[in-house]
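Colleague: coords please:
(one chain, ligands or ions: 3)
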Amino acid sequence: MGRLVLGGQPVTLRAAPHGNRGALAFVARANGRHYFNPTLVARAGDPVRIVLANGMDEPTIAHWHGLTIDTANDGNGDVLVAPGSTFDYAFTVRNRAGLYWYHPHPHGATAAQAYRGLFGLLAVEDDEERALRRALQIAPGDAEIPLVLHDRRGAAPLRYSPSDEDVLHGWYGDEILVNSTPRPFLDVTTRRYRFRVLNASNARIFRLGFGRDNGTAMPFLLIGTDGGLLEEPLATSELFLAPAERADLLVNFTGLPVGGLVHLESRAFDPMHAEVQPRRDGESDAAPGKGHTHAAPSSGGAAGGSDGGAFAMLQFRIRGRAERQPPLPARLSAPVALPLTGGDDRPLRLSFAKGRWRINDRVYDMNTTPIVVARATVETWLIRNYHSSMPHAMHLHGFQFRVVERETSPDQLSPLVVDARGRLATDLGWKDTVLVWPGESVRIAIDFSHPFAGDQIYLFHCHNLEHEDGGMMLRVKVA
Ligand code: C2O
Ligand code: CU
Ligand code: CU
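Modeller: Numbering: from 1, shown residues only. Ligands and ions are numbered 1, 2, ... in the order given. So this is what the prediction gives:
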């Protein structure tokens with residue numbers, strides 16, 4: 001990883017094989033060293049110039065997940081970079097501070113390339129971000145640490161060869177990596193740490209929490225979501241993190257005994273893979289009552305082949321005492337109100353038919369644009385997931401949105417609900433990806449204002465990468 005401060009300077013990212021075990025990485029050369037999947041650091045308002053060089057033997061393109069960006073720079077897969085060729089990105093960082101990321105987006109091959117490790121973080125910084133670091137006396141690389149979670153199947157070499165079952169539910173690994181390392185540990189002192197977590201898995205959902213060695217759960221603070229800092233810190237003891245979602249956390253080890261252990265863990269949950277099994281004749285349709293639910297593996301250490309198991313991911317070893325911690329600021333960021341128009345909801349139904357996951361009964365077609373939105377309007381989208389379905393992590397390119405309401409959520413979300421609209425702590429900030437559970441309706445509000453000349457095309461899709469590659473994706477025109 002390593003932080004590569006862009007500072008307006010052009011950088012070449014070369015997508016290339018990494019090592020001899022089938023892994024891929026974005027490689028940059030800067031400041032006299034090599035960076036593999038660098039964390040690109042930019043200030044809000046900075047111009048960015050990146051050359052993507054394809055050093056692989058298949059086409060690719062990089063997408064800037066979470067950024068407010070024009071279609072030409074979005075990397076949505078309409079334009080691909082052939083092996084040996086390059087693509088020039090030139091854009092301005094228009095987002096507030098937050099942890100964004102970049103990953104490949106060649107339709108049909110996104111899952112394979114991402115699974116092999118081709119992705120990195122993009123940290124945007126601004127005045128609010130700097131004020132927070134000053135107030136907490138934390139610095140990146142010191143008490144502020146990014147944690148990129150993803151899973152891997154079997155031992156190296158990395159082979160991506162999904163079965164019908166994997167295409168249906170997603171590709172789950174049996175080993176969890178944190179910052180590319182299996183079962184890592186981190187020496188900490190009795191102070192406050194900021195962990196900025198990305199779920200970079202193809203399909204796995206984490207039910208994240210911190211557990212002490214005496215078996216008790218350790219509460220923590222949620223301070224930010226996909227699109228940056230919350231207005232104020234929210235105390236919680238766990239949260240769900242779906243593929244592509246980010247969570248900015250403060251964990252305070254003050255008061256714990258030196259020599260003690262804390263684990264970042266994923267707790268057992270019902271993965272609700274409740275759709276029908278694919279039939280051999282390929283004629284599988286979602287049918288209520290015919291679903292099956294996987295029992296959550298009871299735990300241990302292994303993640304198991306499917307979702308919902310309990311396991312520890314990262315061990316914190318408390319190695320020393322730290323000084324008294326500065327007080328937490330009550331406000332993290334200035335509130336931003338989203339002007340609701342009171343117009344009709346745009347309905348989006350997530351379903352499964354004829355062997356494929358669909359949005360409004362459609363699958364992706366690069367020549368069809370089923371959603372057309374008028375520029376500068378605020379729309380509310382009502383995303384409804386069938387009962388006989390599975391959770392889908394719905395992502396919109398180009399815009400950060402707000403979660404307005406959750407209805408008919410599954411029971412396992414009840415302990416996490418924080419307000420009368422059924423929302424969770426993770427719903428209270430800016431989002432670009434929202435997890436929609438079976439049977440659930442999630443209403444989101446999106447301001448389609450953008451500063452770009454002409455019509456722009458974006459994508460709305462499930463970030464379970466097997467579902468995305470399978471066509472659970474629609475084009476959105478903002479005209
Ligand atoms: Cu992170 Cu179209 O995706
Ligand atoms: Cu995206
Ligand atoms: Cu999905």
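Colleague: Stretch 66-74 - what's its average pLDDT?
Modeller: Mean per-residue pLDDT for stretch 66-74: 98.
Colleague: Please see if it touches ligand 2.
Modeller: No. Counting by CB under 5 Å from the ion, ligand 2 has no neighbours in stretch 66-74; the shortest distance is 6.4 Å. In this view, the C-beta of every residue, glycine as well, is placed from N, C-alpha and C.
Colleague: distance between the ends of that stretch?
Modeller: One end of stretch 66-74 sits 10 Å from the other (CA to CA, to the nearest Å).
Colleague: Could you see whether ligand 1 lies near it?
Modeller: No. Using CB under 6 Å from any ligand atom, stretch 66-74 never reaches ligand 1; the gap is at least 7.8 Å.
Colleague: just how off-centre is that stretch within its chain?
Modeller: From the chain centre to the centre of stretch 66-74 is a distance of 17 Å (CA atoms, centre = their mean, to the nearest Å).
Colleague: now do stretch 194-213
Modeller: 11 Å.
Colleague: now that stretch: mean pLDDT?
Modeller: 98.
Colleague: in that stretch, what's buried?
Modeller: Of the residues in stretch 194-213, 194-211 count as buried by neighbour count, 16 or more other CB atoms under 10 Å.
Colleague: Out of these, list just those in strands.
Modeller: Using DSSP state E, the subset of the buried residues of stretch 194-213 located in strands is R194, F195, R196, V197, L198, N199, F206, R207, L208, G209, F210, G211.
Colleague: Could you pull up the contacting residues of the closest residue in space to the first one that isn't next to it in sequence?
Modeller: Think R194. Closest residue to R194 apart from its sequence neighbours, by CB to CB, 6 or more residues apart in numbering: E144 at 4.3 Å. By CB atoms under 8 Å, 6 or more residues apart in numbering, E144 lies in contact with R133, I138, Y193, R194, R196.
Colleague: Please convert those to a markdown table, extending it with distance to G255.
Modeller: Output for these, formatted as a markdown table (distance: CB to CB, whole Å):
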| residue | distance to G255 |
| --- | --- |
| R133 | 23 |
| I138 | 18 |
| Y193 | 14 |
| R194 | 18 |
| R196 | 23 |
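Colleague: Looking at those residues, which is nearest ligand 1?
Modeller: R196 (16.6 Å; CB to the nearest ligand atom).
Colleague: Tell me how far the closest one lies from ligand 2.
Modeller: 18 Å (CB to the ion, to the nearest Å).
Colleague: Pairing partners for the one helix or strand M313 maps to, with directions?
Modeller: Following DSSP states H and E, one finds M313 within strand 311-320. When pairing is defined by DSSP bridges, strand 311-320 lines up against strand 185-189 (parallel), strand 261-266 (antiparallel).
Colleague: ok, and what's touching it?
Modeller: If you take CB under 8 Å, 6+ apart as the criterion, strand 311-320 is touched by 147, 149, 176, 178, 183-190, 211, 253, 256-266, 299-303.
Colleague: Buried ones only from these, please, as a PyMOL command.
Modeller: Those of those that count as buried under 16+ other CB under 10 Å are selected in PyMOL with:
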select buried, resi 147+149+176+178+186+188+189+190+211+253+256+260+261+262+263+264+265+266+303
